[in-house]
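A.B. asks: Provide a 3D model corresponding to the input given below.
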Amino acid sequence: MNAGNSFKRRLLLCTLAVAAWCGMHTSAVAQSRLHQQGAFWVDQNNNRVELRGVNLGNWLLLEFWMMGSAITTNSGAVPDQCTLENTLTSRFGYAERERLMDVFRDSWMTDRDWDRIKALGFNVVRLPFIYNLIEDENAPYNLRPDAWQYLDQAIAKAAQRGIYVILDLHGAVGSQGREHHSGCAGRNWYWDGGNGHPASYYQDRTSWLWQQIAARYRNNNTVAAYGLLNEPWGTNANTLADNLYFLAQQIRPVDPNHIIILHGHTSGIGAFGNPAARGFSNMAFEMHFYPGIFGWRDNDDPALVHGDWLHCSPQGTGDVCDWNNRITGLQTPFLIGEMQPWTELGRNGGEITRKTFDVYSMYGWASTAWSYKTVQQSPQTGGGNTGWPWGLITNTSGFGNINVSTASAAQIESYFRQFGTQGLATHSDIAYWMAYQPTVGNNIEAEHFKTHRGTRIQVTTDPQGGDFNSSYLDSTDFMTYQINIPQSGTYNLQYRVASPNSGGAVILGRNGVDLVQTSIPNTGGWQNWQTINTTVSLQAGTQSLTVWVQSGGWNLNWWKLTAQ
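C.D. replies: Sure, this is the predicted structure:
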């Protein structure tokens, strides 16, 4: 068997091993109706779609920590939306309360925010909303006169920019968990009943609500999916699974086509089984992954925690590998509905954010970071390398607090309007890495592969730059990169390597053909770096180039192609 055939065989095996396509995909046609094909999100032509985006938190369901907890009552910081709404209603009446809430909504998200989302390269937003945005809370089972104002607006703004929308019921009537982000902290009426009603009352109203939503958007291609309940953890896993399947069953006669998302329990998705076995199609699972936070090794080095999570063990097991096996076995798409890969990482936050999106996309998972924007009373004055809050976007002009128990309606209105005009800044390191593409003439960061097998990453000490290097490179591991070769010809090829071993070897290949093999020297240690040189003949065009570990036991920081 010649070298070319050998490489082709290995590339085929690698494709099967990771259950992913080795660098080959087709971008979605703008606003094509999405549907399920096995474990993947696909467009109307059955091409896989990479969904990368953010949550629009604190817009249609307020979470007051996202505004620096600057809004207070006489009892202290406002804990949840119910408290704000009740305070405003008791002081000004329902109609004025809703006018003020609309002032906030019109200010928190404006065209400049939508433009920033597009500029970061995102193509999907997860849209958290509370039930009483649509249902008249004073007349259950009736729509508000303005029921569709903000969902319609969000969908229209997204469609103008080629962005999909995942509708996420973040706060169901009665609250599906005791957390403040369900709208009313401390309630769990959706599961336990309360306020004189059994749980079935709240669940039935939620079923009715989703039927109204489905009827409204069943023919809208911008809507990617329906997220039935966010973090509905006020019950056990089996009860949750049965309820979400019940909601899906109520939606299907109204809308047989849109993908419906089943949110997992804290214990995972095991209670759902396979949706196909229950007669459902166009379904997806959702989980929220927060490595390094909320007890997930949060006393460990955050870069190490994220690196371990994203790249599994050297044996190819654990973490995302186990989840990929689970999702592949169920042949159901996956949404990482919330993640936070920057706020704890300082100078490594931008690169880990890009890596997180890349790895999830490699497996075919959709992912939406939490969150697009947060603000605080003290303005952001530093860059992402010196600390950054939970929003990709934050404020550069400060603001004070306001007591809604004593402030006038005019003062509250003015306070809310400031969010539409305050100075904003994007996490510059994330912006850089989200736009990063391997290019000829520049260092190609080894860890920014499109697909891989067996690779891990670690923080590098190489004086020639790069935050991370690819590590644990064993024989038959590989990394594939999508690169545009501007013209056919001979190129200088450099590898920046480190190894305490002799006998290493690397192959650069294209489309299953070995192009050039190069020996890796013993550099004296895992972080003792040396640049090695060779040449390679390349054809023009955008193509997948694969760095194949012919003989392992070395690290790679970057590699580079330069036209002769």
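
A.B. asks: contacts, neighbours, all on C-alpha from now
C.D. replies: Noted.

A.B. asks: which sections of this protein are below the confidence cut-off?
C.D. replies: 1-30 (pLDDT under 70).

A.B. asks: how does it divide into domains?
C.D. replies: 3-17+438-563, 49-433 (automatic domain parsing).

A.B. asks: Need phi/psi at Gly329.
C.D. replies: With angles defined as degrees, to the nearest 10, Gly329 sits at phi -60, psi -30.

A.B. asks: so how far is Gly454 from it?
C.D. replies: From Gly329 across to Gly454, the span is 20 Å (C-alpha to C-alpha, to the nearest Å).

A.B. asks: Show me which of these two is the more surrounded one.
C.D. replies: For Gly329 versus Gly454, neighbours defined as other C-alpha atoms under 10 Å are more numerous around Gly454 (22 against 12).

A.B. asks: Roughly how far does the more buried one sit from Gly504?
C.D. replies: In this view, Gly454 and Gly504 are 16 Å apart by C-alpha to C-alpha.

A.B. asks: Show me the helices in the stretch 51-200 of the chain, by range?
C.D. replies: Applying DSSP state H, counting those that start in this stretch to the stretch 51-200 of the chain gives helices spanning 81-92, 94-108, 111-119, 149-160, 189-192, 199-217.

A.B. asks: what do you get for the chain?
C.D. replies: Here the chain has its helices, by DSSP state H, at 3-18, 81-92, 94-108, 111-119, 149-160, 189-192, 199-217, 237-251, 302-311, 319-330, 349-362, 409-417, 428-435.

A.B. asks: Looking at those, which is nearest to Leu508?
C.D. replies: Closest of the helices of the chain to Leu508 is helix 3-18, at 9.9 Å (criterion: C-alpha to C-alpha).

A.B. asks: Run through the residues that contact Thr374.
C.D. replies: 66-67, 389-395 (C-alpha atoms under 8 Å, 6 or more residues apart in numbering).

A.B. asks: Could you rerun that using 10 Å?
C.D. replies: Thr374 sits next to 57-58, 63-68, 389-395 when contact means C-alpha atoms under 10 Å, 6 or more residues apart in numbering.

A.B. asks: Considering these, which possesses the most neighbours?
C.D. replies: In terms of neighbour count, Leu392 stands highest of the contacts of Thr374 at 26 neighbours, by other C-alpha under 10 Å.

A.B. asks: list the contacts for the closest residue to that one other than its chain neighbours?
C.D. replies: Leaving aside its chain neighbours, Leu392 sits nearest to Tyr372 (5.2 Å; criterion: C-alpha to C-alpha, 6 or more residues apart in numbering). Contacts here follow C-alpha under 10 Å, 6+ apart; on that basis Tyr372 touches 53-58, 113, 116-117, 125-126, 390-394, 426.

A.B. asks: how does it look with 7 Å?
C.D. replies: The contact partners of Tyr372, by C-alpha atoms under 7 Å, 6 or more residues apart in numbering, come to 54-57, 391-393.

A.B. asks: I'd like to know how far it sits from Gly391.
C.D. replies: Separation of Tyr372 from Gly391 (C-alpha to C-alpha) stands at 5 Å.

A.B. asks: Neighbours of the closest residue to Tyr415 other than its chain neighbours, how many?
C.D. replies: Of all residues not flanking Tyr415 in the chain, Ile402 sits nearest, at 7.6 Å (C-alpha to C-alpha, 6+ apart). Residues contacting Ile402 under the criterion other C-alpha under 10 Å number 17.

A.B. asks: For Ile402, give me its contacts.
C.D. replies: Contacts of Ile402 (C-alpha under 7 Å, 6+ apart): 70-72.

A.B. asks: Nearest to Gln250 among these?
C.D. replies: Looking across the contacts of Ile402 and measuring by C-alpha to C-alpha, the closest to Gln250 is Ile71, at 38.7 Å.

A.B. asks: Please tell me how far the closest residue to that closest one other than its chain neighbours sits from Gln418.
C.D. replies: Excluding its sequence neighbours, the residue lying closest to Ile71 (C-alpha to C-alpha, 6+ apart) is Ile402, at 5.2 Å. Using C-alpha to C-alpha, we find Ile402 at a distance of 12 Å from Gln418.

A.B. asks: one step back: out of the contacts of Ile402, who's the most crowded?
C.D. replies: Going by other C-alpha under 10 Å, Ile71 tops the contacts of Ile402 with 21 neighbours.

A.B. asks: my read: that one touches Ala77, true?
C.D. replies: Yes: with contact defined as C-alpha atoms under 7 Å, Ile71 counts as touching Ala77 (6.0 Å).

A.B. asks: I figured Gly509 was touching Ser544, is that so?
C.D. replies: No: if you go by C-alpha under 7 Å, Gly509 and Ser544 don't touch, sitting 8.5 Å apart.

A.B. asks: picking that back up, would you turn the contacts of Tyr372 into a markdown table with distance to Trp558?
C.D. replies: Converted to a markdown table, the contacts of Tyr372 look like this (distance: C-alpha to C-alpha, whole Å):
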| residue | distance to Trp558 |
| --- | --- |
| Val54 | 29 |
| Asn55 | 33 |
| Leu56 | 35 |
| Gly57 | 37 |
| Gly391 | 30 |
| Leu392 | 27 |
| Ile393 | 30 |
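
A.B. asks: Of the residues you listed, which belong to strands?
C.D. replies: The strands, defined by DSSP state E, take in 54-55, 393 from the contacts of Tyr372.

A.B. asks: and which of these is nearest Trp309?
C.D. replies: Using C-alpha to C-alpha, these come closest to Trp309 at Val54, 20.2 Å.

A.B. asks: and that closest one, what are its bridge partners?
C.D. replies: Val125, Ala369 (DSSP bridges).

A.B. asks: got the contact list for it?
C.D. replies: Contacts of Val54 were listed using C-alpha under 7 Å, 6+ apart, and they are 124-126, 368-372.

A.B. asks: Most neighbours of all those, which one?
C.D. replies: In the contacts of Val54, the most neighbours by other C-alpha under 10 Å go to Val125, 31 neighbours.

A.B. asks: Hmm, that one is touching Val165, no?
C.D. replies: Yes: counting by C-alpha under 7 Å, Val125 does reach Val165; the two are 5.1 Å apart.

A.B. asks: how far away is Asn403 from Thr89?
C.D. replies: 15 Å.

A.B. asks: Tell me which of these two has more neighbours.
C.D. replies: Asn403 (18 against 15).

A.B. asks: Can you tell me who the more buried one pairs with across the strands?
C.D. replies: Thr72.

A.B. asks: residues contacting the nearest residue to Ala563 once chain neighbours are set aside?
C.D. replies: Residue nearest to Ala563 in three dimensions, not counting chain neighbours: Tyr491, with 4.5 Å by C-alpha to C-alpha, 6+ apart. Shown in contact with Tyr491 (C-alpha under 7 Å, 6+ apart): 535-537, 561-564.

A.B. asks: Using ChimeraX, define a selection of the buried residues within these.
C.D. replies: To isolate the buried members of the contacts of Tyr491 in ChimeraX, using 16 or more other C-alpha atoms under 10 Å:
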select :535,536,561,562,563
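
A.B. asks: any chance of the contacts of Tyr491 in a markdown table, plus distance to Gly273?
C.D. replies: Below are the contacts of Tyr491 laid out as a markdown table (distance: C-alpha to C-alpha, whole Å):
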| residue | distance to Gly273 |
| --- | --- |
| Thr535 | 52 |
| Val536 | 50 |
| Ser537 | 50 |
| Leu561 | 48 |
| Thr562 | 51 |
| Ala563 | 53 |
| Gln564 | 57 |
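
A.B. asks: just the contacts of Tyr491 now: which is nearest Glu179?
C.D. replies: So of the contacts of Tyr491, ranked by how close each gets to Glu179 (C-alpha to C-alpha), first place is Leu561, at 51.8 Å.

A.B. asks: who touches that closest one in this structure?
C.D. replies: 440-441, 491-494.
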